[in-house]
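Novice: pasted the sequence and its predicted model underneath.
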4 protein chains.
Amino acid sequence: MARKPNFARSPQAVFTRIQHSVAFYETDAMGIVHHSNYVRFLEHARVQFLAEHDRPYTEYVAEGFHVPVTRVAVSYKRPCRFADVVEVRCWLAWARTASLGFAYDLTVQGQLVAFAETDHAITDLSGRPVRIPEHMRVRMDGWLGLDSQEG
Amino acid sequence: MARKPNFARSPQAVFTRIQHSVAFYETDAMGIVHHSNYVRFLEHARVQFLAEHDRPYTEYVAEGFHVPVTRVAVSYKRPCRFADVVEVRCWLAWARTASLGFAYDLTVQGQLVAFAETDHAITDLSGRPVRIPEHMRVRMDGWLGLDSQEG
Amino acid sequence: MARKPNFARSPQAVFTRIQHSVAFYETDAMGIVHHSNYVRFLEHARVQFLAEHDRPYTEYVAEGFHVPVTRVAVSYKRPCRFADVVEVRCWLAWARTASLGFAYDLTVQGQLVAFAETDHAITDLSGRPVRIPEHMRVRMDGWLGLDSQEG
Amino acid sequence: MARKPNFARSPQAVFTRIQHSVAFYETDAMGIVHHSNYVRFLEHARVQFLAEHDRPYTEYVAEGFHVPVTRVAVSYKRPCRFADVVEVRCWLAWARTASLGFAYDLTVQGQLVAFAETDHAITDLSGRPVRIPEHMRVRMDGWLGLDSQEG
């Protein structure tokens, strides 16, 4: 299991891509998307990553796991506006025994509007840290684009 | 216990008044508060009403009750803007065995910006309707501004 | 142009259907979608209605029009949860010279979770009421499912 | 004008403290405040910092300035719950010719729940970067807790 950040996504790394059409209620009086909403767009992509490459987040919860956010960082490059279609790409950046990190880039019509990172713990439903569940652990080298023999 | 709506608040009726300073993230690209946020302002007032006149909502939950919203209606009269101080007044409009309704008016510097109603069920924590809890029931005539002998 | 509400949608009336997958950030500590978010789901459907049957809302703004909400009412029938796919159907319920109303039903897997109405004014960008723009007016009988000869 | 970050707040540095009572609509289905909302709490504190130590944000806009967020980072230490009173302290961490950074800590009953940083550009209303306005610039050494002779 990889232990180093992988913000420069390996060409072999798995990623998920979602599209979010900006709602009017996500804009603010500057006429642009309020910066807090980008944190929500990341969640759309992360939920989709797990659904596509592992299992739906609802099954994590049913199994007794949560994947809470322990840190978020977003760098804003260009504003987005109402009705813009934001494409969010999400990939696993690093993983340890009981934590992991995703990286993201957000583009509108091919232009970078933001990039971001989120760090996560794996916890039980009461919030106590636990080891990464087996079904996730065995897939992680593939997510990171590593040869599984080296894992 | 009163059984008829009381949108025209009786002079004796209890009410709560809260002030909410409009946040930038509550505005939209029209430069005004997005209409969905008013529904949230009502919650501030309703939570305060219960805390002031009955008990904190957290104690309802601890006792096994929820007071979910079954209907909301808001009429918008004037727009609000960033940094406006919205005063929300909230009072009990009607009550029945397992449901009740609040009414609200929202003003900025004395000018009406909206009025609203919310209807509620009383449920257990699994969402099943139950009778209004005793501590709430015994106070309701007072909240409605009725003489308790007539209740 | 029809002058009466049409909440019982005519079989000929035009409608739009959107699907919204409930985000985790739209849930609350009762484990269900917070009631304020339904007001936002309506906006998704309404924006799509205009884009499909008339023109994108951004073009309204470019032409100098806004379609602000003057009233919203939502009746909640069943709770929705994280990852539920909410289908929102939206149709024109009534229209007058400078105002109009949409009606909505919201279902999850075919079960009604809520229905709603929104009333709107047509204004210029400064918020002053104006007549319904011509391109919208000429389409309205069709939206309402009326024979245009009777318009 | 200071050019280095000051996350370890100088004892002389100016700070602002606001209290935010957690709303029910800010919680999520994990029973805690959704992480995206902390970004909004920071805005409350920052707006108050400017109002207290410089001028209301609305006056910045009236003067033709915006102070958009170019980066946000939040580290989450403990969850917050409905009705918790979150105290947010905010201080200027660094400043350059056309950008500046704030730092924050968030506590509930004296316990750290999160800390955060936001970076900002100063722009005109069209979003073009401009120099920090004079009234802000002359106050910054004081905000940073520096002797102005050293500026």
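Specialist: Nice, thanks for sending it over.
Novice: get me the contact residues on chain A for chain C.
Specialist: Within chain A, the positions adjacent to chain C are A:A23, A:F24, A:Y25, A:R40, A:E43, A:H44, A:V47, A:P56, A:Y57, A:T58, A:F82, A:A83 by CB under 8 Å from any CB of the partner chain. Using the backbone N, CA and C atoms, a C-beta is placed for each residue, glycine as well.
Novice: among those, which are located in helices?
Specialist: Mapping the residues of chain A next to chain C onto helices (DSSP state H) picks out A:R40, A:E43, A:H44, A:V47, A:Y57, A:T58.
Novice: follow-up on the earlier one: okay if I get the residues of chain A next to chain C as CSV plus distance to chain B, neighbour count and pLDDT?
Specialist: Formatted as CSV, the residues of chain A next to chain C follow (distance: CB to the nearest CB, whole Å; neighbours: other CB atoms under 10 Å in any protein chain shown; pLDDT from 0 to 100):
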residue, distance to chain B, neighbour count, pLDDT
A:A23, 10, 18, 97
A:F24, 6, 20, 95
A:Y25, 5, 21, 97
A:R40, 12, 19, 98
A:E43, 17, 21, 97
A:H44, 18, 20, 97
A:V47, 22, 22, 94
A:P56, 23, 15, 90
A:Y57, 22, 21, 88
A:T58, 18, 16, 87
A:F82, 6, 22, 95
A:A83, 10, 16, 95
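Novice: which among those gets closest to B:L146?
Specialist: Taking CB to CB as the measure, B:L146 sits nearest to A:Y25 out of these, at 39.9 Å.
Novice: quick one: low-confidence ranges for chain A?
Specialist: Applying pLDDT under 70 to chain A picks out residues A:1-9, A:147-151.
Novice: taking the centroid of it, which residue is nearest it?
Specialist: A:R46 (3.7 Å; CA atoms, centre = their mean).
Novice: correct me if wrong: that residue contacts A:T118.
Specialist: Yes. Using CB atoms under 8 Å, A:R46 is in contact with A:T118, at 6.9 Å.
Novice: which residues do those two both contact?
Specialist: Taking CB atoms under 8 Å, 6 or more residues apart in numbering or on different chains as the criterion, A:R46 and A:T118 both touch A:F102.
Novice: does any bit of stretch A:10-21 sit next to chain D?
Specialist: No. If you take CB under 8 Å from any CB as the test, stretch A:10-21 misses chain D, and the best it gets is 13.9 Å.
Novice: who's in contact with that stretch?
Specialist: By CB under 8 Å, 6+ apart, stretch A:10-21 touches A:6, A:9, A:41, A:44-45, A:48-49, A:52-53, A:83-92, A:142-146.
Novice: and the residues you listed, which are buried?
Specialist: Neighbour-count burial (16 or more other CB atoms under 10 Å in any protein chain shown) is assigned, among the contacts of stretch A:10-21, to A:6, A:9, A:41, A:44-45, A:48-49, A:53, A:83-84, A:86-92, A:142-146.
Novice: those in strands, which ones?
Specialist: Of the buried ones among the contacts of stretch A:10-21, the ones assigned to strands by DSSP state E are A:V86, A:E87, A:V88, A:R89, A:C90, A:W91, A:L92.
Novice: which parts of chain A sit against chain B?
Specialist: Residues of chain A lying near chain B (CB under 8 Å from any CB): A:F24, A:Y25, A:T27, A:D28, A:A29, A:G31, A:I32, A:H34, A:S36, A:R81, A:F82.
Novice: what's the local residue count around the closest residue in space to the third one that isn't next to it in sequence?
Specialist: In this structure, A:T27 finds its nearest non-sequential neighbour in B:A29, 3.8 Å apart by CB to CB, 6 or more residues apart in numbering or on different chains. Other residues lying near B:A29 total 20 when counted by other CB atoms under 10 Å in any protein chain shown.
Novice: for stretch A:60-76, what is the distance to the chain centroid?
Specialist: On the basis of CA atoms, centre = their mean, to the nearest Å, stretch A:60-76 sits 9 Å off its chain's mean C-alpha point.
Novice: quick check: end-to-end length of that stretch?
Specialist: End-to-end distance of stretch A:60-76 (CA to CA, to the nearest Å): 31 Å.
Novice: neighbouring contacts of it?
Specialist: A:35, A:38-39, A:42, A:50, A:57, A:99, A:113-125, A:127, A:130, A:133, D:30, D:35, D:68-76, D:79.
Novice: need the contact list for the residue of chain A positioned farthest from its centre.
Specialist: Distance from the centre of chain A peaks at A:A29, with 28.0 Å (CA atoms, centre = their mean). A:A29 makes contacts with B:F24, B:T27, B:D28, B:A29, B:G31, B:I32, B:R81, B:F82, as judged by CB under 8 Å, 6+ apart.
Novice: separation between the last one and B:V113?
Specialist: The spacing between B:F82 and B:V113, counted by CB to CB, to the nearest Å, is 14 Å.
Novice: and for the nearest residue to A:G127 once chain neighbours are set aside, the neighbour number?
Specialist: Nearest non-adjacent residue to A:G127, counting by CB to CB, 6+ apart: D:P79, 6.6 Å away. By the criterion of other CB under 10 Å, D:P79 has 17 neighbours.
Novice: could you look up the SS state of D:P79?
Specialist: coil (DSSP: H, G, I helix; E, B strand; the rest coil).
Novice: surely it touches D:V33?
Specialist: Yes. At 6.9 Å, D:P79 and D:V33 qualify as touching, with contact defined as CB under 8 Å.
Novice: and chain A, which residues reach chain D?
Specialist: A:30, A:35-37, A:39-40, A:43, A:66, A:68-76, A:79, A:127.
Novice: let's see 10 Å
Specialist: Contact residues, chain A versus chain D (CB under 10 Å from any CB of the partner chain): A:29-32, A:34-43, A:61, A:66, A:68-79, A:114, A:116-119, A:121, A:123, A:125, A:127.
Novice: buried subset of those as a ChimeraX selection?
Specialist: Burial among those is assessed by 16+ other CB under 10 Å; the matching ChimeraX selection reads:
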select /A:29,30,32,34,35,36,37,38,39,40,41,42,43,61,66,68,69,70,71,72,73,74,75,76,79,114,116,117,118,119,121,123
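Novice: what about the residues of chain A next to chain D, which are in strands?
Specialist: A:66, A:69-76, A:114, A:116-119, A:121, A:123.
Novice: spatially, which two of the residues you listed are the most separated?
Specialist: A:Y76 and A:T123 (29.5 Å).
Novice: returning to what we had before: hang on, the residue nearest to the centre of chain A packs against A:E117?
Specialist: No. Under the criterion of CB atoms under 10 Å, A:R46 makes no contact with A:E117, lying 11.3 Å away.
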